[in-house]
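Participant: the following comprises the amino acid sequence and a computationally predicted model.
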Amino acid sequence: MLLCLLSSASAQEVSAPVGNHRALLGLGAAYLPDYAGAENSRTVPALFAEYQNEEGFFASTTRGLGKLTRHTNWTSSIALSYRAGRSENPALLYLTHTEALHGMDNIAGTITANLGLSTHLTDRVTLSSMAAIALNQHENGNSLQLGISAAIWRSMSDQIELKTTVHYGDASYNQRYFGVSTYQSLRSGLPVTTGSAGWNRSLSSIAWTHVIDQNWSVRTLAGIQHMLNDAADSPLSKMSDNLLLISTVNYSF
């Protein structure tokens, strides 16, 4: 879940110039909750990489491997991607042990088919959607996210963007990530909780991108993730709001 948050918050689209290709590498740090709704947060490395050519084929750490098609007033994409799992005992990933998920079992990673649509309402405002359909580990469920972003400031070297995204999970998704089964209740001591289909969280963020030259840039994002509905009432959700901070130095070529 932590890696999913990182991907969702830091995703950037690389546009390739006609007759050429474009690649971007980013390295930095992120301050994120252990999982959505966790009480504890920690600093972890942030790595971003993406390649896209003029035909729209892309390979990305956030978008997966796929194809983006530009239409007259909108774009569509299809990609094969990977939704990171969640470990009951994530000491190796986080360097320090956390007991928050004790007894909740490991959630295996999921290969997903991602179907995306976006359209520009104006030259500064964009609507987007992304459905992630599980191709294996079907008990992990399917998800949908809807977003709106607005570039509120642009100059030759800087852009400031506001974005809000809401996340929907089917019953399997919400049960897997926010529910507690009878078996998990016996192991963890948490009350049995049944997850139903619905919106589970929102993410509101502000991002500043500073272009140093034609190759180098810095992107910094601050956001608040807010738990919704059954996910907010889950015994796993110790906090209704989580702070996210991500900053990367990026090299494009």
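Facilitator: In hand now; what should we look at? Quantities reported herein were computed from a predicted structural model and do not represent experimental measurements.

Participant: ends of stretch 172-191, what's the gap?
Facilitator: By Cα to Cα, to the nearest Å, the extent of stretch 172-191 from end to end equals 18 Å.

Participant: pull out the buried residues from that stretch.
Facilitator: 172-181, 184-185, 188, 190 (16 or more other Cβ atoms under 10 Å). Where C-beta positions appear, they are placed from N, C-alpha and C, glycine not excepted.

Participant: check contacts around Leu117.
Facilitator: Residues near Leu117 by Cβ atoms under 8 Å, 6 or more residues apart in numbering: 74-77, 128-129.

Participant: partners of the strand or helix carrying it in the sheet?
Facilitator: Secondary structure from DSSP states H and E places Leu117 in strand 110-120. Strand pairing for strand 110-120, using DSSP bridges, gives strand 74-83 (antiparallel), strand 125-134 (antiparallel).

Participant: can you redo those strands as JSON lines with distance to Thr164, mean pLDDT and mean neighbour count?
Facilitator: Output for these, formatted as JSON lines (distance: least, Cβ to Cβ, whole Å; pLDDT from 0 to 100; neighbours: other Cβ atoms under 10 Å):
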{"stretch": "strand 74-83", "distance to Thr164": "19", "mean pLDDT": "97", "mean neighbour count": "17"}
{"stretch": "strand 125-134", "distance to Thr164": "11", "mean pLDDT": "97", "mean neighbour count": "18"}
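
Participant: looking at these, which is closest to Asn106?
Facilitator: Asn106 sits nearest to strand 74-83 of all these, at 13.9 Å, using Cβ to Cβ.

Participant: just how off-centre is that closest one within its chain?
Facilitator: Its chain's C-alpha centre and that of strand 74-83 lie 13 Å apart, by Cα atoms, centre = their mean, to the nearest Å.

Participant: which residues are in contact with stretch 66-73?
Facilitator: 13, 52, 55-58, 75-81, 114, 116, 119-120.

Participant: try 10 Å this time
Facilitator: Here stretch 66-73 makes contact (Cβ atoms under 10 Å, 6 or more residues apart in numbering) with 13-16, 52, 55-60, 75-81, 113-121.

Participant: buried ones only from those, please, as a ChimeraX command.
Facilitator: To isolate the buried members of the contacts of stretch 66-73 in ChimeraX, using 16+ other Cβ under 10 Å:
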select :13,14,16,52,56,58,60,75,77,79,81,113,114,115,116,118
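
Participant: can I get the strands paired with strand 110-120 in a markdown table including distance to Leu221?
Facilitator: Converted to a markdown table, the strands paired with strand 110-120 look like this (distance: least, Cβ to Cβ, whole Å):
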| stretch | distance to Leu221 |
| --- | --- |
| strand 74-83 | 20 |
| strand 125-134 | 16 |
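
Participant: closest one to Ile148 among the ones you listed?
Facilitator: Per Cβ to Cβ, nearest to Ile148 of the strands paired with strand 110-120: strand 125-134, 5.5 Å.

Participant: ok, then the element right after the closest one?
Facilitator: strand 143-154.

Participant: now that following strand - C-alpha only, PDB.
Facilitator: Presented in PDB, the C-alpha positions along strand 143-154 are these (Å, rounded to 0.1, in the frame of the first residue of the first chain):
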ATOM      1  CA  SER A 143     -10.100  -0.200  -8.100                       C
ATOM      2  CA  LEU A 144     -10.900   3.000  -9.800                       C
ATOM      3  CA  GLN A 145      -9.600   6.500  -9.300                       C
ATOM      4  CA  LEU A 146     -11.000   9.800 -10.500                       C
ATOM      5  CA  GLY A 147      -9.000  13.000 -10.400                       C
ATOM      6  CA  ILE A 148      -9.000  16.700 -11.300                       C
ATOM      7  CA  SER A 149      -5.900  18.800 -11.500                       C
ATOM      8  CA  ALA A 150      -5.300  22.500 -12.200                       C
ATOM      9  CA  ALA A 151      -2.100  24.400 -13.000                       C
ATOM     10  CA  ILE A 152      -2.500  27.500 -10.900                       C
ATOM     11  CA  TRP A 153       0.900  29.000 -11.700                       C
ATOM     12  CA  ARG A 154       3.200  28.800 -14.700                       C
END
